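Undergrad: below: sequence and its predicted model.
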Amino acid sequence: MNNTGVEKKRVLSLLQPTGVFTLGNYIGALRNFVPYQAEYECVFGIADLHSITVRQEPAALRKAILECYAMGMAAGIDPKRSAFFLQSHLSEHSQLAWILNCYTQFGELSRMTQFKDKSVKNPENINAGLFTYPCLMAADILLYQANYVPIGSDQNQHIEISRDIAERFNGAYSPTFVIPEGIIQKFGNRVMSLQDPTKKMSKSDTNKNAVVLMLDTKDEIVKKFKRAVTDSEARVFYGEGKDGINNLMEIYLCVTGKSFEEIEREFEGKGYGDFKEAVGEAVFAALEPIQSEYYRLIADKAYLEECYREGAERARPMARKTLSKVMKKIGFI
Ligand code: TYM
């Protein structure tokens, strides 16, 4: 409740701990979580259960989970204001996911583009978890009765299926789940690869120059931007057929707050070299304070543990309440 006695709306989002977060994770998702904390009841999490649809080495996974948690905090998730947890600490996610599996059709899951893409990338491990992944994601969202889910545009299809599942369940019984709404930023909702600007920037890219990581050094970041694939026109403006420049302009807009017009004016008469360098420098300037905070936090394992334990305890009553309501409606004793 807020001080006017009105129930606060709930915001929720999770990120997978499959390595250091990318600039795409930051611009498309993480940084947008932060302002919600002033006004809404926020629930954030590290989606460790989701990450095992691809084989993970145990020690590396353990390390990545903690590092991603620390990075979430460094970027501005405040564990005193938000429930910030590790997904596997709340068994309710797996329990509701099983139930939702039984309210989701094979045909709907077959149409998920992420399933199709990942099956092509990992033909040797097309496991059932990869297929039913959207049910776990729906469980993450519906358990907390989330109103808003800030995400990058690649996750939109998963929000749509979560809404469909919620509506189906509500229709079969009685209103049980809040129907969630995906929140996608106008700019930066799909940060593209620096080496192939028709493809999403993704952690799993084998070309390291394609991806900026949140822990890259200034030198690495500037070099990656200098090598970014653009076009031969040598004029900085946002337009059709300029995927590479459009991507860099969007990134620059997101980290500096300048408009496209201002950016075009700033680089009028200048070549792509100057522009790319400016983007690299601006990206580093945005990441530098987060990096310092990250290194401070990751050195304090006891504090991180305190935070994720507290986060789970804060989330648990919300999750339990929904799960028991669901189980009762279904007819379990
Ligand atoms: P994940 O871990 O792949 O990505 C985390 C968030 O980062 C966004 N993102 C991007 N945004 C813009 N440009 C990019 N290149 C880019 N790459 C990633 C994603 O859209 C996402 O918002 N299934 C989810 C995690 C998840 C979740 C949830 C999200 C699990 N349960 C419940 C919301 C609600 C995923 O794999 O995101």
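TA: Sure thing, it's come through. Residues are numbered from 1 along each chain as shown.
Undergrad: domain-wise, how is this structure divided?
TA: Listed by automatic domain parsing, the domain ranges of the chain are 10-189+301-330, 208-294.
Undergrad: out of these, which gets nearest to the ligand?
TA: Closest to the ligand of those is domain 10-189+301-330 (CB to the nearest ligand atom; 2.0 Å). Every C-beta, even on glycine, is put in place using the N, C-alpha and C of the backbone.
Undergrad: turn the domains of the chain into CSV, columns for mean pLDDT and mean neighbour count.
TA: Converted to CSV, the domains of the chain look like this (pLDDT from 0 to 100; neighbours: other CB atoms under 10 Å):
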stretch, mean pLDDT, mean neighbour count
domain 10-189+301-330, 97, 18
domain 208-294, 97, 17
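Undergrad: Thr198 is nearest to which of those?
TA: domain 208-294 (5.8 Å; CB to CB).
Undergrad: does the closest one reach the ligand?
TA: No. Shown here: domain 208-294 not in contact with the ligand (CB under 6 Å from any ligand atom), separated by at least 8.8 Å.
Undergrad: end to end on that domain, go ahead and measure it.
TA: 22 Å (CA to CA, to the nearest Å).
Undergrad: and the lengthiest helix in the chain, what does it pack onto?
TA: Scanning the chain for the helix with the most residues, using DSSP state H, yields helix 301-330. Secondary-structure packing of helix 301-330 (3 or more CB pairs under 8 Å, 6 or more residues apart in numbering; DSSP states H and E): strand 41-46, helix 58-74, strand 83-86, helix 91-101, helix 128-143, helix 272-298.
Undergrad: off-centre distance for that helix?
TA: 20 Å (CA atoms, centre = their mean, to the nearest Å).
Undergrad: what angle sits between that helix and helix 58-74?
TA: Helix 301-330 runs at 90 degrees relative to helix 58-74, counting by axes from the mean of the first three to the mean of the last three CA atoms, to 10 degrees.
Undergrad: what are the ranges of the helices in the stretch 151-300 of the chain?
TA: Using DSSP state H, counting those that start in this stretch, the helices of the stretch 151-300 of the chain run over 156-172, 218-226, 243-256, 260-266, 272-298.
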